[in-house]
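Peer 1: Here's a sequence, model it:
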Amino acid sequence: MAKPLTLEKILFSQGFGTRRYCSDLVYADLVEVNGVLADDPEIKMDPEGLVLRVEGMDWVYHEKAYIAFNKPANYECSHKTKHHPSVYSLLPRPLIERAVQCVGRLDQDTTGLLLLSDDGQFIHRMTTPKKNIGKVYEITAAEPITQKQIDHLLNGVVLDDDPSPCFAKACVLMDERRLAMTIVEGRYHQVKRMLAAVGNHVAALHRSSIGNYGMPADLKEGQWRWIDPHEMALLAQPIE
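Peer 2: Reported below is the predicted structural model:
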């Protein structure tokens, strides 16, 4: 059982505004808790598992936000965008208010699995190469992919700005122009630069999984969902 919190603090923690605004939401009859209209912002309750309805929006309490998002093309993983809209524009306001951040970035033209969280330790754990957590990218190449190119990717390629080689941890040829490549680092434009270094070119790029957590089949482009505890364990599994 979690420590009881006032309804005002619960709403504030979930990103529904300042504490004063959260109190006003209750007084305005705009908050339901487990299907019952709330009338006292100071009432204390166990927040775990609460189902809220705030200003017509259904919301399940989560102490920390762990989000899976299916990123479409032509969106930037930044609040300060340069040429395209932000992925944050596709999220509900409470997630923005609680300052969720992208767990590593995908290029604007890259699609697929993107994680977001307000848990700094989780973000660090998922992005540091030391944890050996693989990210699988499905590459559509401009030219047929050769075994020589695959061997080069597995043995390591040197990029022009870093003498330390980049290694693909695994490569699975899906067809003559499509390759599923696993990496654990996240250098700038890494997958595109690795393929260029072996004499090919990325025509399209999609991230399909992180750790042992794959993109949910029912998660459409531009949609998000909470990650449950079982899925969190899959995310944390390193490459053997």
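
Peer 1: tell me the secondary structure for the most centrally placed residue in the chain?
Peer 2: The central residue of the chain, meaning the one whose C-alpha is nearest the mean C-alpha position (C-alpha atoms, centre = their mean), is residue 115 at 0.9 Å. Following DSSP: H, G, I helix; E, B strand; the rest coil, the label given to residue 115 is strand.

Peer 1: Disregarding residues adjacent in the polypeptide, which is nearest to it?
Peer 2: Once flanking residues are discounted, residue 115 sits nearest to residue 103: 3.8 Å by C-beta to C-beta, 6 or more residues apart in numbering. For glycine as for every other residue, the C-beta is placed from the backbone atoms N, C-alpha and C.

Peer 1: ok, that neighbour touching residue 117?
Peer 2: Yes. Look at residue 103 against residue 117 with C-beta atoms under 8 Å: they come within range, at 5.9 Å.

Peer 1: Return every residue with contacts to both of those two.
Peer 2: residue 123 (C-beta atoms under 8 Å, 6 or more residues apart in numbering).

Peer 1: hey, what's residue 205 bridged with?
Peer 2: Residues in a beta bridge with residue 205, per DSSP bridges, are residue 139.

Peer 1: try residue 213
Peer 2: Under DSSP bridges, the beta-bridge partners of residue 213 are residue 210.

Peer 1: contacting residues around it?
Peer 2: Shown here is residue 213, whose contacts under the criterion C-beta under 8 Å, 6+ apart are 68, 113, 227, 231, 234, 235.

Peer 1: now, which of those sits nearest residue 16?
Peer 2: residue 227 (21.0 Å; C-beta to C-beta).

Peer 1: got a list of what the closest one touches?
Peer 2: For residue 227, the contacting residues are 66, 67, 68, 115, 213, 235, taking C-beta under 8 Å, 6+ apart as the criterion.

Peer 1: run the last query once more with 6 Å
Peer 2: Contacts for residue 227 (C-beta atoms under 6 Å, 6 or more residues apart in numbering) come out as 66, 68.

Peer 1: For it, give its distance to residue 73.
Peer 2: As defined by C-beta to C-beta, to the nearest Å, residue 227 lies at a distance of 23 Å from residue 73.

Peer 1: repeat for residue 53
Peer 2: For residue 53, the distance to residue 73 (C-beta to C-beta) stands at 34 Å.

Peer 1: tell me the domain boundaries of this protein?
Peer 2: Under automatic domain parsing, the residue ranges defining each domain of the chain are 5-60, 66-129+212-235, 134-210.
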